[in-house]
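[1] A predicted structure for the sequence below; I have some questions about it.
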Amino acid sequence: MRGVLALNSKSRGLRVIACSALTTAWIAAGRLTAHFGYDLSSWDLCAGALLIKEAGGLVTDLDGSPYVLETRNMLCSNGRVHDEILDILREADAVSFERSTE
């Protein structure tokens with residue numbers, strides 16, 4: 001939630017869509033600017049990550065490291081706003097997620 005709150009005041013609008021496969025396709029098509037998520041599965045990301053990369057966008061872990069199949073927390077974007085969003089998420093301490101074991 002910290003990430004959403006931090007980005008809310010710095011963007012024209014936010015959409016919360018619980019389908020990473022759809023949002024990654026929309027980013028590749030130019031319909032959305034960026035999407036970030038936590039604790040995602042590879043089957044939700046791999047096809048969309050390829051589409052975004054082929055369209056000239058960026059896909060990374062929320063810590064800024066390159067996307068790999070094991071990436072669980074990710075930011076994908078059209079590439080033009082990627083670093084700015086990463087900076088906002090870092091400032092808000094919203095770049096990691098750990099599942100509770102309780």
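    Yes, it's here. What you see is a predicted model, and the numbers here were worked out from it, not measured in a lab.

[2] Quick one: low-confidence residue ranges for the protein.
    For the chain, residues meeting the criterion pLDDT under 70 lie at 1-8, 11-15, 97-102.

[3] Check it for its longest helix and report it.
    helix 42-54 (DSSP state H).

[4] packing partners for that helix?
    Packing partners of helix 42-54 (3 or more Cβ pairs under 8 Å, 6 or more residues apart in numbering; DSSP states H and E): helix 20-29, strand 58-61, strand 74-77. Just so you know, the C-beta spots here come from the backbone N, C-alpha and C atoms, and that holds for glycine as well.

[5] Save these as CSV, and put in mean neighbour count and distance to residue 89 too.
    Shown next, in CSV, are the helices and strands packed on helix 42-54 (neighbours: other Cβ atoms under 10 Å; distance: least, Cβ to Cβ, whole Å):
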stretch, mean neighbour count, distance to residue 89
helix 20-29, 19, 16
strand 58-61, 22, 11
strand 74-77, 24, 7
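
[6] Quick one, which of those gets closest to residue 44.
    Residue 44 lies closest to helix 20-29 among the helices and strands packed on helix 42-54, at 4.4 Å (Cβ to Cβ).

[7] how far off helix 42-54 does the closest one point, in degrees?
    Orientation of helix 20-29 against helix 42-54 (axes from the mean of the first three to the mean of the last three Cα atoms, to 10 degrees) gives an angle of 0 degrees.

[8] circling back: just the buried positions in the longest helix of the chain, please.
    Using 16 or more other Cβ atoms under 10 Å as the test for burial, helix 42-54 gives 44-46, 48-49, 51-52.

[9] Let me have the helices and strands packed on helix 42-54 in CSV, extended by distance to residue 84.
    Formatted as CSV, the helices and strands packed on helix 42-54 follow (distance: least, Cβ to Cβ, whole Å):
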stretch, distance to residue 84
helix 20-29, 15
strand 58-61, 12
strand 74-77, 9
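
[10] Wait, residue 52 touches residue 30, no?
    No: with contact defined as Cβ atoms under 8 Å, residue 52 and residue 30 do not form a contacting pair (10.7 Å).

[11] got the contact list for the spatially closest residue to residue 76 that is not a sequence neighbour?
    Nearest residue to residue 76, sequence neighbours excluded (Cβ to Cβ, 6 or more residues apart in numbering): residue 59, at 4.3 Å. Counting by Cβ atoms under 8 Å, 6 or more residues apart in numbering, residue 59 makes contact with 24, 45, 49, 52-53, 67, 74-76.
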